[in-house]
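A.B. asks: okay, sequence plus prediction incoming.
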Amino acid sequence: MIMAWFITFLAIALIVATAGAKHRANQRYDLPLENPALSLAILKESLLENSSEYALQKLKDFAVSQNLTIPELEYPLGKAKSIALDDDVFLQQAAWLDSITPLEFKEEPQTEKMYANGILRLYSDDAIFKAFSEFSQKFPSEKQQKLEQGYRSLCKLRDNSKADYDSLENLRIEKEKWEQLAREWFIA
């Protein structure tokens, strides 16, 4: 069950990465300097999509420039040697990326918008649910509860989905709806 979930999640990530890769290929590191939080998010996503020494070094350099802590463990570059190992590699990559704190969380988030933005820039369920817990303590609201419940529903859908194209596409669409809801409620 967990393996199917991770394979499904990895397949979705690959579909999304492929769709956006052509668009971002020439502008990959044309970072919005006026928005360091977005720049960090772009570099993290780029490393996840293109696991290379160059992408890793760009992220490390930027993190150092923002006084962010870089994990002591090395980022697991490359792809898994087999599908059976994909789950482990993705979990390690997500945990590594989430250990570089989104800039929205660098200081005590002061607004719901900062929490929602930060949550949208996390990769692992553990980090996302931890952020939701903090969000609910600091800014309890019906919208926050619905957003968290929406993520839990998304996880359930992901865990119960098949690893076929239609299921992956449906999951991608539902994830985009959830992200859009977060943007409409908290970020706009």
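C.D. replies: Received the coordinates, thanks.
A.B. asks: output the lowest mean pLDDT helix or strand found in the protein.
C.D. replies: Of all helical and strand segments in the chain, the minimum by mean pLDDT, DSSP states H and E falls on helix 2-24, at a mean of 54.
A.B. asks: which residues of the chain score low on pLDDT?
C.D. replies: Low-confidence segments of the chain, defined by pLDDT under 70, are located at 1-29, 80, 82-85, 109, 188.
A.B. asks: one more time with 90
C.D. replies: Along the chain, segments meeting pLDDT under 90 span 1-35, 37, 48-52, 64-73, 76-92, 101, 103-115, 158-168, 171, 185-188.
A.B. asks: quick one: residues contacting residue 35.
C.D. replies: Contacts were defined as Cβ atoms under 8 Å, 6 or more residues apart in numbering; by that measure residue 35 touches no other residue. Yep, even glycine has a C-beta here, placed from its N, CA and C like the rest.
A.B. asks: distance check, it against residue 69.
C.D. replies: Applying Cβ to Cβ, to the nearest Å, one obtains 21 Å for the distance of residue 35 from residue 69.
A.B. asks: residues contacting the residue nearest in space to the middle of the chain?
C.D. replies: Centroid check for the chain by Cα atoms, centre = their mean gives residue 123 as the closest residue, at 3.3 Å. Going by Cβ under 8 Å, 6+ apart, residue 123 touches 44, 48, 93, 94, 97, 98.
A.B. asks: show me what contacts the residue lying closest to residue 53 once chain neighbours are set aside?
C.D. replies: In this structure, residue 53 finds its nearest non-sequential neighbour in residue 77, 6.8 Å apart by Cβ to Cβ, 6 or more residues apart in numbering. With contact set as Cβ under 8 Å, 6+ apart, residue 77 has these partners: 51, 52, 53, 56.
A.B. asks: how does it look with 10 Å?
C.D. replies: Each residue near residue 77 by Cβ atoms under 10 Å, 6 or more residues apart in numbering is listed here: 47, 51, 52, 53, 55, 56, 89, 93.
A.B. asks: can you check residue 128 too?
C.D. replies: Going by Cβ under 10 Å, 6+ apart, residue 128 touches 98, 118, 119, 120, 121, 122, 148, 151, 155.
A.B. asks: give me the element the nearest residue to residue 76 once chain neighbours are set aside is part of.
C.D. replies: With Cβ to Cβ, 6+ apart as the criterion, residue 76 has its nearest non-adjacent residue at 4.6 Å, and that residue is residue 92. Residue 92 belongs to helix 83-99 when assigned by DSSP states H and E.
A.B. asks: elements contacting the helix or strand that that helix is followed by?
C.D. replies: Counting by DSSP H and E, the next helix or strand C-terminal to helix 83-99 is helix 112-120. With contacts taken as 3 or more Cβ pairs under 10 Å, 6 or more residues apart in numbering; DSSP states H and E, helix 112-120 sits against helix 36-49, helix 125-138, helix 142-160, helix 165-182.
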